[in-house]
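# Show me the folded form of this:
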Amino acid sequence: MSSITYVQDGSAFKEANQIYVNVSGTFQEVDEAYANVAGTFKLVFSAFEATSFVTLAPGSGTFAVPANANAIHIQSAVGAGGGAVRGADYDKAGGESSGAGGGSGAYISDKVFSVSDTETMSYSVGSGGAAGNGSHLNAVASGGGNTTLSGSSAGSLFTLNGGGGSRGTGGGAQGPLRTNVAGSAGTGTVATGLTSGTFKDSDGTNKNINTLSGGPTSSFNDHGDGVIGQNKGNCGGDNCQINGSNGGASYNGNISGGAGGITGARTNGSPGIRGSGGGGGGGQLSGGGNTLGAAGGAGEIVYRFLKIR
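Next up, the predicted model:
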């Protein structure tokens, strides 16, 4: 429930954003104020409540901190996952190759940062790395894009690097077997966040920020690096079958990476989601061939604004 209150400042009426009362010699901020109107108390002032969550998709842009907000709650943010390569099969080379998985991006879960009201926030959300499905003997996937947020007054709040793309290179039709390398883990640089303070939530209740745990890791004030993708390497023996490798999980293992392709089922690797790595393709299908790798998961930022007391 909201209400607008005006106070007279000289000859002009201005909107009141905050109201304080003297309680035993200490001024304390008022959450709600009521006035007696013909025997009925009616709400005339309501303090700033947490805004609704906003999800930012891959791309870049700006947005403004609303008046009276002094903090931004990042429920989740992650660099994009790296792509994965296809598997490889050979002609009597003594083995077959699994497509290595892409790495996952660095992440944030339920961190709160100080900002100034009306300052401009600039963001970039990374796109998932493309799969490497060119030549199965020399395949290279792309890394995921970085996810960043900064303020015109607050400065840089975080840079969450995307996970690396996997690769399988140096193979020949009759050997040698290619060298397989999993996608690297994304690393992050994160500013110091707030660890205590109360705010009025959108449901009207007062809460301490250290109770915020609705993000992917279910832990307040959490951030960390991504993980490397899986690498099953090469199997030994002509016409051996090997499944694709899984992509690296994101958000400290809470969001699974893309699954590796299954040779027996002739399935491709599956794409990552929410910053996890793509799954690699399998090597040596029945009758020859291999399956494809998949793209990494896109990055994201999910945020809202708070007024911390």
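# list the contacts for Gly109?
Actually, residue 109 is Ser rather than Gly. Neighbouring residues of Ser109 by CB atoms under 8 Å, 6 or more residues apart in numbering: 75-76, 215-219, 222-223, 251-252. (Glycine included, C-beta is placed from N, CA and C.)
# Try it again at 10 Å.
Shown in contact with Ser109 (CB atoms under 10 Å, 6 or more residues apart in numbering): 74-78, 212-224, 251-252, 254, 302.
# Val181 - nearest residue in space that isn't next to it in sequence?
Spatially, and ignoring its direct neighbours in sequence, Val181 is nearest to Arg167 (5.2 Å; CB to CB, 6 or more residues apart in numbering).
# Restricted to strands, list the contacts of Ser109.
The strands, defined by DSSP state E, take in 74-78, 222-224, 302 from these.
# Are any of these buried, and if so which?
Burial by neighbour count, judged by 16 or more other CB atoms under 10 Å, picks out 74-78, 222-224, 302 from those.
# Nearest to Leu194 among these?
Ile74 (11.3 Å; CB to CB).
# isn't that closest one right up against Gly214?
No. Checked against CB atoms under 10 Å, the pair Ile74 and Gly214 is beyond contact range at 11.5 Å.
# Which neighbours do those two have in common?
When contacts are counted by CB under 10 Å, 6+ apart, Ile74 and Gly214 are jointly contacted by 109-110, 302.
# which of those residues lies closest to Tyr123?
Comparing every one of these with Tyr123 (CB to CB), the shortest separation belongs to Val302, at 11.6 Å.
# per-residue pLDDT, that closest one?
Among the per-residue scores, Val302 holds a pLDDT of 98.
# what's the answer for Ser153, then?
Per-residue confidence at Ser153 stands at 97 (pLDDT).
# Tell me who's in contact with it.
Applying CB under 10 Å, 6+ apart, the residues near Ser153 are 65, 114-121.
# go on, Ile242?
Contact analysis of Ile242 by CB under 10 Å, 6+ apart lists 87-89, 95-99, 232-236, 260, 263, 282-284, 290.
# Would you list the buried entries among the residues you listed?
Members of the contacts of Ile242 classed as buried by 16+ other CB under 10 Å are 87-89, 95-99, 232-235, 260, 263, 282-284, 290.
# about what we covered before: tell me the one of the buried ones among the ones in strands among the contacts of Ser109 nearest Gly197?
Nearest to Gly197 out of those is Ile74 (CB to CB; 15.3 Å).
# who does the closest one bridge with?
Ile74 has the following beta-bridge partners by DSSP bridges: Lys111, Tyr303.
# per-residue pLDDT, it?
If you check Ile74, the pLDDT there is 98.
# got it, and Lys42?
In this prediction Lys42 is given a pLDDT of 69.
# and if you look at Gly132?
According to the model, Gly132 scores 98 on pLDDT.
# what about Ala12, neighbour count?
8 (other CB atoms under 10 Å).
# and if you look at Asn206?
The number of residues packed around Asn206, counting by other CB under 10 Å, is 11.
# Same question for Gly293.
Gly293 is surrounded by 39 other residues when neighbours are defined as other CB under 10 Å.
# State the distance from it to Ala88.
Noted for Gly293: a distance of 11 Å to Ala88, by CB to CB, to the nearest Å.
# anything in contact with each of those two?
Common neighbours of Gly293 and Ala88, counting by CB under 10 Å, 6+ apart, are 99, 136, 139, 168, 281-282.
# Show me which of those residues is closest to Leu306.
The closest of the shared contacts of Gly293 and Ala88, once distances to Leu306 are taken by CB to CB, is Gly99, at 43.8 Å.
# Wait, the closest one touches Asn268, no?
Yes. Look at Gly99 against Asn268 with CB under 10 Å: they come within range, at 9.4 Å.
# Next, the closest residue to Asn138 other than its chain neighbours: phi, psi?
Here the nearest residue to Asn138 in space, its sequence neighbours aside, is Thr169; by CB to CB, 6+ apart that works out to 4.9 Å. Main-chain torsions, Thr169, degrees, to the nearest 10: phi -130, psi 160.
# Pull the contacting residues for Thr169.
Residues in contact with Thr169, defined by CB under 10 Å, 6+ apart, are 85, 132, 135, 137-140, 178-181.
# Look up how far Asn22 lies from Ser11.
Plainly put, Ser11 is 26 Å away from Asn22 if you go by CB to CB.
# of these two, who's got more company?
Neighbour count, other CB under 10 Å: between Ser11 and Asn22, Asn22 has more, with 8 against 5.
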